[in-house]
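> need coordinates for the following:
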Amino acid sequence: MTFEEVTELLIKEYEGRLDKELFLDIPFEDKRNFLRLQNAVSQFSTFKEDVLLTLNDNSLVNYIKKDEKGFQLSTKFGDTKLLTPSSLFNDSLPFVPVIGDCYNNALLNTIIMGYDLNPAASVGIFYARDDNHIIHAIAEFDFDKERYIIDYNYNLVMNKDLYCNLFNFKILNTIKKQEMHELYNLYFKCKEHTKNRDDNDNIHSTAYLELAPEEYKNYLNDIINDKRLDDYTFMSQKVYKKNKDY
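As a prediction, the model looks like this:
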């Protein structure tokens, strides 16, 4: 994606104009149980006995049972272990995630997690409910011989394919650890290069780093090599309306 395409996408999100498309073809008679399953998984970290009873009585769930760190869930759409980030990291999170700051949570997790787990950050369109889609970022990594995700907003760790199915998550871009590290280092080099200049005040949005990494890399290199100023207006929620026609 380009910076302009990212800007247009973020404005669409702010104005509620993202494409409202369901990616799973769910029969009408299964929709209630699908929504119950989706809701239960999104609230996994606060599971109570009544939630487990509801899941066991769900026609889309084959079984759910407790294991040493969380639960094993088998559904018509796939199977997964359900964990929290805390239980995954043995009650010692590698950083303090900020609920709601999905872009930076995914970035930090990717940078901190070891190369052996093949970590990455993915950004996409997340189906929240019929009338609400959002741009959302998750961390992903290799676990239990499969690909898993960490969603710090939902305090959730689960199989990536099942997560994408349950939440109709359409991935727009994925950045692996090596590229993320390179971009992160270039960012700090850029800020060091401009620290005594007026353009040092420009705040960069992580959304642009994760959705338009190639353009972001070129942008940073051009600043470092004095080919341009750090003058791109990186969008934030406070200025969406102001910059509608940007």
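
> so for the top helix by length along the chain, mean pLDDT?
Ranked by residue count, the top helix of the chain under DSSP state H comes out as helix 177-193. What helix 177-193 shows for mean pLDDT is 96.

> that one packs against which elements?
Contacts defined by 3 or more C-beta pairs under 8 Å, 6 or more residues apart in numbering; DSSP states H and E place helix 177-193 against helix 102-112, strand 120-129, helix 213-224. Placement of C-beta: from N, CA and C, glycine included.

> who touches that helix?
Helix 177-193 is contacted by residues 107, 110-111, 113, 115, 118-121, 175, 200, 204, 209, 213, 216-217, 220-221, 223-224, 230 when judged by C-beta atoms under 8 Å, 6 or more residues apart in numbering.

> any idea which helix or strand comes after that helix?
Next along the chain after helix 177-193, taking DSSP states H and E as the criterion, comes helix 206-211.

> tell me the strands beside the longest strand along the chain, with direction?
Scanning the chain for the longest strand, with DSSP state E as the assignment, gives strand 132-143. Strand 132-143 sits in its sheet next to strand 120-129 (antiparallel), strand 146-151 (antiparallel), going by DSSP bridges.

> okay, the angle between it and helix 177-193?
Interaxial angle, strand 132-143 versus helix 177-193 (axes from the mean of the first three to the mean of the last three C-alpha atoms, to 10 degrees): 110 degrees.

> now the longest helix of the chain against helix 102-112, angle please.
On the basis of the same axes, to 10 degrees, helix 177-193 is oriented at 110 degrees to helix 102-112.

> what comes up buried for helix 177-193?
Residues of helix 177-193 classed as buried by neighbour count (16 or more other C-beta atoms under 10 Å): K177, E179, M180, L183, Y184, L186, Y187, C190, H193.

> let me know the pLDDT of Y246.
pLDDT, Y246: 34.

> then F23?
With respect to pLDDT, F23 has a value of 59.

> average pLDDT for the host helix or strand of L82?
Using DSSP H and E, L82 sits within strand 78-82. Averaged across strand 78-82, the pLDDT comes to 96.

> next: stretch 1-19.
Stretch 1-19 comes out at a mean pLDDT of 91.

> same check on stretch 55-65?
93.

> ranking helices and strands of this protein by mean pLDDT, which lands last?
helix 49-56 (a mean of 85; mean pLDDT, DSSP states H and E).

> got the contact list for it?
Here helix 49-56 makes contact (C-beta under 8 Å, 6+ apart) with R36, L37, A40, Q43, V61, Y63, I64, L73.
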